[in-house]
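*Asks:* coords below, sequence missing:
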């Protein structure tokens, strides 16, 4: 699994932060959920319960240290309560 | 997993950032694209960690076929025993049948591990692999047949998404279909090879041959359906019958071979690694490995013993279709529609047989090889045989049946222009009817719930058609008036029917309304507290239909008719004085006289009359049971205190909603129904109602028997097989209902305190009363 290179920090203004999240729409996001599966797809939506919707999602399930089982699923909703971590694909210069 | 990001980008952990922002959002607030995010998308989403939607949730990992092949848990096809090979073939037949029943291909046929990745786990055909060769041939015919079936069903629009999944999910490709051009020769060669090398097949050579021949016959019948015409239908019929015979042999051999082991097979888990398991080739959980946007759950397949009835029914339906369809090329519209109605009443219809009929029947906007317009025109002309010249001329012009332009004398320019409008209106009218008849056939080939829904739309369409028909009739009447006024030698010929087109349309609308109400019984839609409403409305529609039929057959009187009527009147009133009850006052505003009816028209009138008396009898029975407790201990069975109160006005209007969108037949409101009830049944007792119900049904039975006798007297030429069967079924239904009414009446009169309860059972023609105690 990829190690995140950077952590995102809040700007202090909630409205500003919401706009940042809004700018993530259609960008690649990776979500790690509680049963060990990882979903990678394009970010579509998030709500106040941290439920995340991804489209063109691919599910990765670990077989062993070197191999993952891969399965294309499409439009998925990942419940906020089961999300362990999320990564967003960002240009290198911007945070 | 790939960690690769696009060039110039990197992964950034936004876990805490997202948590903080979300915790500050309001209830229900969402962050998403401002425009490209709709309710439909949200509803299509698959929720992870939900057992119903997430097929990977808390399930152990299912190994791929490659992994099983490599580690030896899945043997090569050649290593399988003959029994395993035969079980695999039988299971594939069973899987296909479950696909017909609504499961998808990945859940059925493609749970066979040896079919994965284009048969690569079977390998290429080779002389050293006799079992594999047989299996490859068997599956090629299967794939080809699936391909034909998907094509057939995709071309007709009488299925819902839930009924049939025609997507192959990319699980078989062109490669799987390669080499299917010479299947018949290949099968013959293979059979010869098996017969010459019987020792290689451990006493199962004949079983293999039966299965190959079955698959071939099944494939050929499907191929014949796809390329259908009247001549090929006879081939389809032959192959289907052959399928049926071979399937009986397969069922028997399956029962002999696997009868004792079936229970063990049913209990075995797909993940067990025992290579001697009889169902080694199948693992239903392999479905969960499929990459698909749709949720495809793993479903354990039923063995052939439990699904054989699906194929038996399907083959019977195919024989019915092929046999019937052969006779329908060149038949009239009535015959065709009766065939569709008979088909829709067969037991255990599935989506494949329904779509097959629709596919065979309608090709290139023709019904069984005849242009729909032509069928409609013939139907109009045969059902309005005494149409006046105006009706005939306008229909011919509209359908271009008479290429010569209309030659009318004494016509000014304005009349000619109006005539063109009339022809255009007629063209529109006929086009609308063609469309509605296509939709009617489509509705009959849908499942009952869909049929009812489509019927409700068709009722509204017939309403529009009837309005066009009224315009045509008014034009024809105006023409008649002009002719009478301008032509000195004009006389009524005795073929002038007023509003012929309109009555024709009303007849069809009423017939459709009747079918719409009857389907509700089949679907068990009606609550017991509204059954009497429905039966009353049915009685009302049938009554209107009967009156309409009478009016349709009324014509304008000729001079001779008028003279005869005057002399009859003179005989009734001696001395020329008028009696108090003047019969002229009872005549309709426009004087009409009945026409001579043809034998077919007589039968149709009788059958409509029968419908009226049956529905009236059933209504009176339902009403009798609705009336409250009386001294005979007859209880109000509808008084169920557990049900919530429902406003009967709302229920009545909702139930008959679609009838309020048309003007003919005139819709009835709840208040009108109540006033009719109060007027007609104010002092009726249950005993009276049951007696009259019994008389109504008895009368209808007598009429049916008269119809059969009349048919016999006319050299058995009046009714076709479907009509005869329908009449015989109706007589049985009437007799059953009469017995129930008699028993109810006896219980009521027995002065015990026991009440009679009943339910309406499903019946192809009409509801049957079944007493439950």
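*Replies:* Here it is on my side, so go on. It should be emphasised that the depicted structure is a prediction, and the values quoted were computed from it without experimental measurement.
*Asks:* Quick one: name whatever helix or strand follows the helix or strand of chain A with the lowest mean pLDDT.
*Replies:* Counting by mean pLDDT, DSSP states H and E, chain A has its least confident helix or strand at strand A:6-7, which shows a mean of 66. Sequence order places helix A:14-22 as the next helix or strand after strand A:6-7, per DSSP states H and E.
*Asks:* Ignoring the adjacent residues along the chain, who's closest to residue B:559?
*Replies:* Closest residue in space to residue B:559, ignoring its immediate chain neighbours: residue B:491 at 6.5 Å, by Cβ to Cβ, 6 or more residues apart in numbering or on different chains. To be clear about C-beta, it is placed using only N, CA and C from the backbone, and glycine gets the same treatment.
*Asks:* Looks to me like that neighbour is in a strand.
*Replies:* No - going by DSSP: H, G, I helix; E, B strand; the rest coil, the assignment for residue B:491 is coil, not a strand.
*Asks:* Can you report phi and psi for it?
*Replies:* When read as degrees, to the nearest 10, the backbone of residue B:491 gives phi -140, psi 150.
*Asks:* can you check residue B:10 too?
*Replies:* Dihedral angles for residue B:10 - degrees, to the nearest 10 - are phi -150, psi 160.
*Asks:* Kindly provide the distance from it to chain A.
*Replies:* Note on residue B:10: its distance to chain A, by Cβ to the nearest Cβ, to the nearest Å, is 5 Å.
*Asks:* got it, and residue B:90?
*Replies:* In terms of Cβ to the nearest Cβ, residue B:90 sits 31 Å off from chain A.
*Asks:* Could you pull up the residues touching that residue?
*Replies:* By Cβ atoms under 8 Å, 6 or more residues apart in numbering or on different chains, the residues touching residue B:90 are B:211, B:250, B:254, B:258, B:303-304.
*Asks:* Quickly check these for the two that are furthest apart.
*Replies:* Among those, the pair separated by the greatest distance (Cβ to Cβ) is B:211 and B:303, at 15.3 Å.
*Asks:* Name the residue in these two with the higher neighbour count.
*Replies:* residue B:211 (25 against 19; other Cβ atoms under 10 Å in any protein chain shown).
*Asks:* looking at this, that one is in a helix?
*Replies:* Yes - counting by three-state DSSP, residue B:211 falls inside a helix.
*Asks:* Just the pLDDT for it.
*Replies:* Looking at residue B:211, its pLDDT is 96.
*Asks:* Kindly report the same for the one 10 residues further on.
*Replies:* In this prediction, residue B:221 carries a pLDDT score of 92.
*Asks:* just checking, what packs against the helix or strand hosting it?
*Replies:* Element membership of residue B:221, judged by DSSP H and E, is helix B:205-226. On a contact count with 3 or more Cβ pairs under 8 Å, 6 or more residues apart in numbering or on different chains; DSSP states H and E, helix B:205-226 meets helix B:82-100, helix B:130-155, helix B:183-196, helix B:230-258, helix B:351-361.
*Asks:* If you count neighbours, what's buried in the fourth one?
*Replies:* Looking back up the chat, that one is helix B:230-258. If you call a residue buried by 16 or more other Cβ atoms under 10 Å in any protein chain shown, then helix B:230-258 has these buried ones: B:232-233, B:235-237, B:239-244, B:246-247, B:249-251, B:253-254, B:257-258.
*Asks:* Give the residue spans of the stretch 151-300 of chain B that score low on pLDDT.
*Replies:* Judged by pLDDT under 70, the stretch 151-300 of chain B has its weakly predicted residues at B:173-175, B:261-273, B:293-295.
*Asks:* wait, is residue B:118 part of a helix?
*Replies:* Yes - membership of residue B:118 in a helix is supported by three-state DSSP.
*Asks:* count of neighbours near it?
*Replies:* Other residues close to residue B:118 by other Cβ under 10 Å number 16.
*Asks:* just residue B:394 next, same as before
*Replies:* Residues within reach of residue B:394, counting by other Cβ under 10 Å, total 24.
*Asks:* Equivalent analysis for residue B:717, please.
*Replies:* Around residue B:717 there are 9 other residues, counting by other Cβ under 10 Å.
*Asks:* In three-state terms, label it for me.
*Replies:* On the three-state scheme (three-state DSSP), residue B:717 is labelled coil.
*Asks:* how about it, what does it touch?
*Replies:* With the criterion set at Cβ under 8 Å, 6+ apart, residue B:717 makes contact with residue B:711.
*Asks:* Would you mind giving both backbone torsions of it?
*Replies:* Here is the backbone geometry of residue B:717 (degrees, to the nearest 10): phi -110, psi 0.
*Asks:* How about the one 3 residues further on?
*Replies:* Dihedral angles of residue B:720 (phi, psi; degrees, to the nearest 10) stand at phi -90, psi 180.
*Asks:* Okay, and residue B:726 sits in which element?
*Replies:* helix B:721-749.
*Asks:* just checking, what packs against that helix?
*Replies:* Checking 3+ Cβ pairs under 8 Å, 6+ apart, helix B:721-749 ends up next to helix B:333-344, helix B:599-626, helix B:686-713, strand B:768-771.
*Asks:* coming back round to it: Throw the contacts of residue B:90 into CSV and include distance to residue B:345, thanks.
*Replies:* Converted to CSV, those look like this (distance: Cβ to Cβ, whole Å):
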residue, distance to residue B:345
B:211, 33
B:250, 29
B:254, 31
B:258, 36
B:303, 30
B:304, 28
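*Asks:* quick one: which of those is nearest chain A?
*Replies:* residue B:303 (29.0 Å; Cβ to the nearest Cβ).
*Asks:* Was I right to think that closest one contacts residue B:93?
*Replies:* No - counting by Cβ atoms under 8 Å, residue B:303 does not reach residue B:93; the two are 10.3 Å apart.
*Asks:* what's the neighbour count on residue B:746?
*Replies:* Neighbour count of residue B:746, defined by other Cβ under 10 Å: 11.
*Asks:* Same question for residue B:471.
*Replies:* Look at residue B:471: counted by other Cβ under 10 Å, it has 17 neighbours.
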